[in-house]
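with the sequence up front, the predicted model follows.
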Amino acid sequence: QVQIVESGGGLVQPGGSLRLSCTASGFTLDGYAIGWFRQAPGKERERVSCISSHDGSTYYADSVKGRFTISRDNAKNMVYLRMNSLKPEDTAVYYCAAERLALQCKNYRAYEFGSWGQGTQVTVSS
């Protein structure tokens, strides 16, 4: 059974850091572009970051650029999202998604990713 699982969410104070992890069972993430998306209550799902499979190129939303870093460890079948200098507006459910994409991942939107995890809650609050 193919499954994507996120972990690492939690409650953190403003200015703090978290590292989200994404792994898969039933298939290897190597060869897949991986995207991190988030959805806050009452808001649309937002593309946060992604990393391509063929050239390792990355994308960051303007709202997280300079604070978040995406990376992958194919040997461990893991993709990470390091989040620093967290702000209350970063509060959301964060989702990991995977897809085989022909172009750099920055060219694709959420609906073009076919495999999704259940999400992990990130709450930034004092």
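Done, it's in. Predicted model, so just to flag it, every value in this text is computed and none were measured. Residues are numbered from 1 along each chain as shown.

list the contacts of the residue most central in space within the chain.
Nearest to the mean C-alpha position of the chain, counting by Cα atoms, centre = their mean, stands Trp36 at 2.1 Å. With contact taken as Cβ atoms under 8 Å, 6 or more residues apart in numbering, Trp36 is in contact with Leu20, Cys22, Val48, Ser49, Cys50, Ile70, Leu81, Tyr94, Tyr95, Cys96, Ala97. Quick note: C-beta positions are derived from backbone N, CA and C, even for glycine.

from those residues, which land in strands?
Leu20, Cys22, Val48, Ser49, Cys50, Ile70, Leu81, Tyr94, Tyr95, Cys96, Ala97 (DSSP state E).

just the buried residues of stretch 68-87, please?
Phe68, Ile70, Arg72, Val79, Tyr80, Leu81, Met83, Leu86 (16 or more other Cβ atoms under 10 Å).

now stretch 48-66
Result for stretch 48-66 [16+ other Cβ under 10 Å]: buried residues Val48, Ser49, Cys50, Ile51, Ser52, Ser53, Thr58, Tyr59, Tyr60, Val64.

closest to Leu29 out of the residues you listed?
Using Cβ to Cβ, Ser53 is the member of those that sits closest to Leu29, with 8.3 Å.

ok, back up a step: out of the contacts of Trp36, who's nearest Gln118?
Nearest member of the contacts of Trp36 to Gln118, counting by Cβ to Cβ, is Tyr95, at 7.9 Å.

on that earlier part again, need the max-distance pair from the buried residues of stretch 48-66.
Ser53 and Val64 (21.1 Å).

can you list the residues that contact stretch 49-68?
Under Cβ under 8 Å, 6+ apart, the answer for stretch 49-68 is 30-36, 46-48, 70-72, 79, 81-86, 89-90, 100-101, 104-106, 108.

how about 7 Å then?
Stretch 49-68 has contacts (Cβ atoms under 7 Å, 6 or more residues apart in numbering) with 31-36, 46-48, 70, 72, 79, 81-85, 101, 104-106.
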